Each structure stands twice: as C-alpha cells, then as structure tokens.
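Peer 1: have a look at this prediction, sequence included:
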There are 2 protein chains.
Amino acid sequence: MTVSPLAPAAFPELPVIEGVRFAAVAAGIKYKGRDDVMLALLDPGSVVAGVFTRSATRSAPVLDCQAKLGTDSDQGAAFLVNSGNSNAFTGKAGDGSVAAICKAVAEATKLPETRIFTSSTGVIGQPLPHDRIIAKLDEAVSALSRHDLAASAKAIMTTDTFPKGAAREIMVDGKPVKIAGVAKGSGMIAPDMATMLVYVFTDAKISRAALQEIVSNANARTFNNITVDSDTSTSDTLLMAATGASGVSVEGNADFATAVEDVFRDLAHLVVKDGEGATKFVTVNVTGAATDEDARTHALSIANSPLVKTAIAGEDPNWGRIVMAVGKSGAKADRDALTIRFGNILVAEKGWVSPDYQEEQGAAVMKQPEISIDVDIGLGHGAATVWTCDLTHGYISINADYRS
Amino acid sequence: MTVSPLAPAAFPELPVIEGVRFAAVAAGIKYKGRDDVMLALLDPGSVVAGVFTRSATRSAPVLDCQAKLGTDSDQGAAFLVNSGNSNAFTGKAGDGSVAAICKAVAEATKLPETRIFTSSTGVIGQPLPHDRIIAKLDEAVSALSRHDLAASAKAIMTTDTFPKGAAREIMVDGKPVKIAGVAKGSGMIAPDMATMLVYVFTDAKISRAALQEIVSNANARTFNNITVDSDTSTSDTLLMAATGASGVSVEGNADFATAVEDVFRDLAHLVVKDGEGATKFVTVNVTGAATDEDARTHALSIANSPLVKTAIAGEDPNWGRIVMAVGKSGAKADRDALTIRFGNILVAEKGWVSPDYQEEQGAAVMKQPEISIDVDIGLGHGAATVWTCDLTHGYISINADYRS
C-alpha cells in the first residue's frame, strides 16, 4: 500500500515514560511476518482513564473496558491490543474471547482480571482466534521494555499507511513531566469499517478522576472533532494511563491538561492524514454561531458533506457547497449574514460572492495540501474547529473495488 | 452525458389534466438549443399546496413561494420554473429577480402577483438573467397547451440524464380522477448541489387545506425518505395543484391520498435512479425499531453511510457495515438482537452471521441492479423505508473531476 501523501516525514522520537513497559509480538492472527499484538504493563499506582465509541453495537472488548474503568486500584494494569480481527459482532463468542484473554493476561502479569484492558481491531464478524494471542503472552512479558512504544505503534496498525506517535514534555515546579502516545486509524480492513485506537501514557502523578476529566475534555476538542467519512466504528477506544513515576503531581495543573490536548490533537491529525484516499488535510473553522454547539454542527456538516469533500478533491474553490452545508446542518444560520474564507481569501459575504474575489485566488488556496475553510455565521460568538480530508477516487477504490 | 443505467425504458404516457395548460420555451439562460423555462397556468378555482427544503440558506424563489402559500383564492395560479440558474445565494439581487419575474408573469397571465409561484435550478451565486425569461413570457402564454406536461419535464432538467414523469387514475363514485406529475433531480450543475423540483397536477376537487395535508403526509413517506448523498439543496420545491375540473370531490377520500403518494413515490424513485454515478437502486427497510422515528433514523444512517454505499458499488454483501451504520445512528439498538437480510437471504441474526449463510448467496443479491436491505432491530414495532443509490467512481468524477 502506498503511504499517504499527507504522512509526516518521520516517526517522532518518543520519550521513555517511567512506570510502563511495552512489548510487541507476532501472533499471526491474520497478518504474517509482522507484529500484531501490543502489551503495555503499568506499575502499581498507575491510574487509567478512557473514552470509547458511542456506537449502540459496540464490540465485546469495548464493553469489557467500559465495565472496568471508573474504580480506583493500586495494583497496576495492563493494556493488550491485537490487530487483524476486531472481535466485533461476534455474539456471545466474542465475550468469551475477551474473558479468555483477560484471564491469561492476568496470569502472565500477576494482575487481577479487573485491571486488564483489551482492544481488538480488524475483520468484523469472525471469531477471534484468541488462543494465538494467549500462546504469545509469556514471550510478550519476557520482552517488556521501556523503549518499545514505537514498536507498539506498528503492531496495532491494520491498513494504516504509516505508524502514528506524538509526545510532549512540560516542566512542573522545575521537574519534567512526559506524555507520549500512539494511535491507529483510519485504515480499512475488509470487511470492516475503520477503527480508531489510541493509547497515551504519562509519568505524571494524578488521581483517576482528575485524569478522566482531562481525557474527556481533551477528547471532546480533538478526536471528537475529526471525521473522515462520518462513519463511526464499533471499536473506537482511547485509553490513557498515568504512572506517577515522575513523582510530580499535576492535579489542577492547566499546563498538563493543555499538553495532553496537544498530544491528542497531534494524533487526531495523523489519523485524518491517513484517511482513506486522502490527498488534502482540511481545517474547518466556524465562528459567529449562536452557540459553540451550533458551530460544531455547522463545522461537521461542512466536513462530512460529500459535495464539499469532492470539491476539495477537485481543487475547486466551490463556496456554493459550503453555503449548502451550512444551510442543511439544522443549526441556526442566516443566508445574508454568512462570511466564507478559503485560507485568508475572502470569498463570500452578505449572502453573495465578495465583489473583490477572484476565482484564481480561491483556486490557488485549493492547490495546497493543507487547506483551511473559515465560515463566520454572523449571529453570535459560538466557535468550533473540525478536521477532515477530501473524498477521492482513492476512497472508492479502497472501499468498493474489492470483494471480501 | 450517458443516461443512467437505472433509467426506465421510456417516459410514461401522462394523462391530460383538465384545468391546467403547459408551455415550455427556450430562454437561453445558460443552455443553448433546448427549452429551459416551464409555464403552468391553472384555471380559476384551482388550489395549490407545497413543501420545500428546510435549508437555513433557502433560495429567493423558495422564500417567495412559502410566503404565498397558505391562503385561499379563486383566481387561478401560475407556476414558472427555469433551469440553468438557481438564483440561490444571490443576496438582495435574488429577491429582485423573483419580484421582476412574478410581476411580468402576472401581467402576461392576468393573474395577481400573489398567485405566481416560481422556482429556479442551476448555477448558484450568479445573478439570474431574469430579462431573458421575461422576454419569452408572451411566447409561452401563446403556446399554452393541455398536452405539454412532458415537454415541461424536459425543460426543467439540468444535468438529469432522463426526464421524469408519473401518473395515476382512480375512480371515485364511478368517475375518473387523474393525477400527473414531473420531477427533476438529482443531476448536478456546476458549481451547485443537486436540486429536486416536483410539480404535480390533478383534476380532483378538494380544499386547499385538505390538499396540503395529503401533500405533506405523502412527502414525508416518499421524497423525505430518499437520499443520494445526504446533501440538501437550497432550492428543493414540490408544488401540487388541484384544478377541480373533474367535478369530483376527493375530500376525505383515502384512495386519492394513496394515489398521490404513489405518484410521489414513483417520482422519488426516479430521482434516486438518476443519482450521480448511481449503478444500483437500494431499498432499505427497517422494522422492529422502538419507534417509527427510530426506524427512519437507522434507515437513513444505513442509506447515507459512505462505507455501505461503496460496498454496494463493489457488489460486496458487507453486513458488517450495516451493523456499523445501525450502531452509529443514535437511535436505540441492541447488537445481539439485530437481524439483517439482503434480498430474501438471511445474513446475520442474534449478533452474529447466520449459521446457514453462504457468502455466495449475498454476493448473488448484490449483483442485481435493484437491491433491498432489510434490517430488523428486534426491539419494537417501529418501521420505515428509505431509498438510495450506491457511491461510485462516477459520483467522484462528476463532482471532483472538473474545475468550475
């Protein structure tokens, strides 16, 4: 598979996070000759927070993770993630696979089953060959290393075209606090939809409840505001763990919350940049809406519109389709109060094309690989930003030009 | 342009509707060498009902029609429709064009301006050259004929690949009542989104309020349940007129309401069959939902999902994507209660693939040009049907592979 034209030049240097070790092993679940299982083992005292897909047809591992989060524990924890099979829509057998994996990981790591969090990504509707994962657990535990987060980024890939990582370091009271994370998505694996998985680690000291609040807020402003094709996976999972190994408390520290959001945003952008068939990375900024919620509704309506996304693919500065998308969103708008900019070019205002606008100006913006579309609704102070990609022949080829 | 592979073999024979006459003329608004204006002149005593786009950025003619509907009049009425320019997002100038056309049509037809209903479809954001329309009004009035509804179907086409018409005749107290209509959509015209326009006529005798109720109800079950790409036009308009010329009252007659709905459904299906790049006509039936509203939410989620639509384009019986679309819809669902059928093939039940299902069976269904996807949610008695088409390279080519 060709690497996305929007991929970064290189995988970033990720810092070592004290208190957590990683291993990546090859269990042969579906892929041959590559790692397909990631294990992260967290020292006692670590806290875990998470957010998940809101799908009503969530996969068995998602339901299991949700049931286990939300209680405090001093006993450490483990994340076990496999690619190649999503264990989604596998009926009661799917629950059985999760239970079997959790039991085996608990034995191999000497942790209680309630502290084992699993994710699966890949083919839907086929029984997960969990014995293959279990057979590799001792090897994984032996291989645990503080340095292998980058290898984990590769092990969780399905048809992602590049591994995704991001990190930040902040100073708190003169001491460093580190955050590092990996993500996969939104590659496609027949016959399933894209799934987004994210694992972020920090050596900061923080309560579970405070970490969960930071994770939920940062997620709302980052991963919840990206869209490739408006389709939601049954398996989307984000887990974040704080080991406390730095000894530095970040409870109530705004810089820490900002750094977490920065890592989330970096990873979210990488997911969009690996969007199926993507050739353009698009930032949709909506301002002047009646409320922030209305602004987000408008921004998602623009970012999900097939007509807007195909116009971007065609490098067509088609502001009429932006007007259409605002109009159909259901949020408040006034035709004659809209202002639309492509990049810093004023395209339309007061319900019509701007008198100074030249089509060549808009066309020049559209030729860039990264494009911003700014829409002011002209009604209030609500604002939101959403990130998306274009809709191309590549998307159709990946999703239609095969038989599963 | 190639005619859609889903087009019917021929345009249907439309019955003469007494009390209304039609003309189609060539005003050269954008297209050369073809009719681009339709005039329908309704005799005194006719009543008019309508439904319109809910877009917050509605075009000037839509706003004008909405302001004029809802009052009774004995003075007759006229519909004036042009293709080639949608007069949408044209600021205050757009309102001026509508006023100028209504004034001129009123003079040419000896009707009050309040009884002139106009629609425009075509390019967005460019001033409508309304003088070209006005210059042709006398010619249009002279050409009025009871037989030219079929010619009107052609005059309102933009990039539609075939004209669309439908009719029904019912007997009431031993006397015939006729209904005939034409539609355009969802062809694309640069740089605008698809627009749906529908004009239906009957010689039945009925009050305006009763006709409006029938139109609103039938629209909710037909045109409101079709989707090509989830994008909503700023100009969508449906107008229906009853001339009363048959002398037959249909007030409270259920057969009449059914016949109107049948005509609407026929036209709605034709619009989908002319969907951009469409190669498959898809009926999505959802049953067993908690409510009818939930059923419609699930059905639209399936019908609008790019992953479902590309799977259909690839003739891939990808039931996993149906599960995904149900899960993301926001309406109530239970993973382990879902039943999915492609055609009459049971594919998945109780949260997993059906034990008797063979992939070849699903694949055979998917090869047909018309496909039904039946989903039982397993929770209640809510039901809904939605019609859509597949998402193909043709859609991308039409919408991305040009510069306006």
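Peer 2: Yep, that arrived. Small disclaimer: the values here were computed from a predicted structure and weren't measured. Numbers count the residues shown, from 1 in each chain, chains lettered A, B, ... in the order given.

Peer 1: the lowest-mean-pLDDT helix or strand in chain A packs against which elements?
Peer 2: Taking mean pLDDT, DSSP states H and E as the measure, chain A has strand A:226-227 as its least confident helix or strand, at a mean of 84. Where contact means 3 or more CB pairs under 8 Å, 6 or more residues apart in numbering or on different chains; DSSP states H and E, strand A:226-227 is packed against helix A:254-273, helix A:292-304, strand A:382-389. C-beta coordinates here come from the backbone N, C-alpha and C atoms, glycine included.

Peer 1: list the contacts of that strand.
Peer 2: If you take CB atoms under 8 Å, 6 or more residues apart in numbering or on different chains as the criterion, strand A:226-227 is touched by A:268-269, A:271-272, A:300, A:303-304, A:386-388.

Peer 1: which among those residues gets closest to A:Q126?
Peer 2: Closest approach between the contacts of strand A:226-227 and A:Q126, by CB to CB: A:V271, at 24.5 Å.

Peer 1: the closest one - nearest residue in space that isn't next to it in sequence?
Peer 2: Using CB to CB, 6 or more residues apart in numbering or on different chains and skipping the chain neighbours, the partner closest in space to A:V271 is A:G185 (4.4 Å).

Peer 1: I'd say the one you found and A:V272 touch.
Peer 2: No. Using CB atoms under 8 Å, A:G185 is not in contact with A:V272, being 9.0 Å away.

Peer 1: of these two, which one has the most company?
Peer 2: Between A:G185 and A:V272, counted using other CB atoms under 10 Å in any protein chain shown, the more crowded position is A:G185 (28 against 23).

Peer 1: what sits against that one?
Peer 2: A:G185 makes contacts with A:160, A:194-197, A:271, A:274, as judged by CB under 8 Å, 6+ apart.

Peer 1: could you dump those residues to CSV with secondary structure?
Peer 2: Conversion of the contacts of A:G185 to CSV gives the following (DSSP: H, G, I helix; E, B strand; the rest coil):
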residue, secondary structure
A:D160, coil
A:A194, coil
A:T195, coil
A:M196, coil
A:L197, strand
A:V271, helix
A:D274, coil
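
Peer 1: show me where pLDDT drops low in the stretch 201-350 of chain A?
Peer 2: The stretch 201-350 of chain A contains residues with pLDDT under 70 at A:230.

Peer 1: helices of that one, start to end?
Peer 2: Secondary structure of the stretch 201-350 of chain A (DSSP state H, counting those that start in this stretch): helices located at A:208-221, A:254-273, A:292-304, A:306-313, A:319-328.

Peer 1: list the buried ones in the third one?
Peer 2: The neighbour-count criterion (16 or more other CB atoms under 10 Å in any protein chain shown) identifies A:294-304 as the buried residues of helix A:292-304.

Peer 1: circling back: okay if I get the helices of the stretch 201-350 of chain A as TSV plus distance to B:A290?
Peer 2: Compiled in TSV, the helices of the stretch 201-350 of chain A are given as follows (distance: least, CB to CB, whole Å):
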stretch	distance to B:A290
helix A:208-221	28
helix A:254-273	33
helix A:292-304	24
helix A:306-313	29
helix A:319-328	26
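
Peer 1: which residue does the stretch 151-300 of chain A have closest to chain B?
Peer 2: A:T232 (3.6 Å; CB to the nearest CB).

Peer 1: so what's that residue up against?
Peer 2: When contacts are counted by CB under 8 Å, 6+ apart, A:T232 touches A:53-55, A:193, B:324, B:327-328.

Peer 1: any idea how far A:S372 is from it?
Peer 2: Plainly put, A:T232 is 25 Å away from A:S372 if you go by CB to CB, to the nearest Å.

Peer 1: can you check A:A303 too?
Peer 2: 12 Å.

Peer 1: overlap in contacts, those two.
Peer 2: A:282, A:284.

Peer 1: sorry, back to before: could you identify the buried members of the contacts of A:T232?
Peer 2: Buried, going by 16+ other CB under 10 Å: A:53, A:55, A:193, B:324, B:327-328, out of those.

Peer 1: among these, which one lies nearest to B:S83?
Peer 2: Distance to B:S83 across those (CB to CB) is lowest for B:K328, with 37.0 Å.

Peer 1: hang on, the closest one packs against A:S55?
Peer 2: Yes. The criterion here is CB under 8 Å, and B:K328 meets it with A:S55 at 5.4 Å.

Peer 1: hmm, stretch A:111-126 touching chain B?
Peer 2: Yes. Judged by CB under 8 Å from any CB of the partner chain, stretch A:111-126 and chain B are in contact via A:124-125.

Peer 1: return the alpha-carbon coordinates of that stretch using CSV.
Peer 2: Only the C-alpha atoms of stretch A:111-126 are listed here, as CSV (Å, rounded to 0.1, in the frame of the first residue of the first chain):
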residue,chain,number,x,y,z
LEU,A,111,-2.6,-8.8,37.9
PRO,A,112,-6.2,-9.1,38.8
GLU,A,113,-8.5,-9.6,35.7
THR,A,114,-10.3,-6.3,36.6
ARG,A,115,-7.1,-4.5,35.7
ILE,A,116,-6.7,-6.0,32.2
PHE,A,117,-7.9,-3.7,29.4
THR,A,118,-8.1,-5.2,25.8
SER,A,119,-8.8,-3.8,22.4
SER,A,120,-9.2,-5.6,19.0
THR,A,121,-9.1,-4.1,15.5
GLY,A,122,-9.6,-5.7,12.1
VAL,A,123,-12.1,-8.0,10.5
ILE,A,124,-15.6,-7.9,11.9
GLY,A,125,-17.9,-10.9,12.4
GLN,A,126,-15.3,-13.6,12.5
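
Peer 1: tell me the mean pLDDT over the helix or strand hosting A:A104?
Peer 2: According to DSSP states H and E, A:A104 maps onto helix A:91-109. Averaged over helix A:91-109, pLDDT sits at 96.

Peer 1: that one close to chain B?
Peer 2: Yes. Shown here: helix A:91-109 in contact with chain B (CB under 8 Å from any CB) through A:91-93.

Peer 1: next, the buried residues of that helix.
Peer 2: Here helix A:91-109 shows A:91, A:94-98, A:101-102, A:104-106, A:108-109 as buried, counting by 16+ other CB under 10 Å.

Peer 1: and of those, the nearest to B:L80?
Peer 2: A:G91 (59.2 Å).

Peer 1: nearest spatial neighbour of the closest one, skipping sequence neighbours?
Peer 2: B:W352 (3.6 Å).

Peer 1: end-to-end on stretch A:105-113?
Peer 2: Terminal residues of stretch A:105-113 lie 8 Å apart, using CA to CA, to the nearest Å.

Peer 1: what does the stretch 51-200 of chain A put close to chain B?
Peer 2: Residues of the stretch 51-200 of chain A lying close to chain B (CB under 8 Å from any CB) are A:53-58, A:88-93, A:124-125, A:191-193.

Peer 1: which ones among those map onto helices?
Peer 2: A:91-93 (DSSP state H).

Peer 1: quick one: which of those residues is nearest to chain B?
Peer 2: For these, the minimum distance to chain B (CB to the nearest CB) is 3.6 Å, reached by A:G91.
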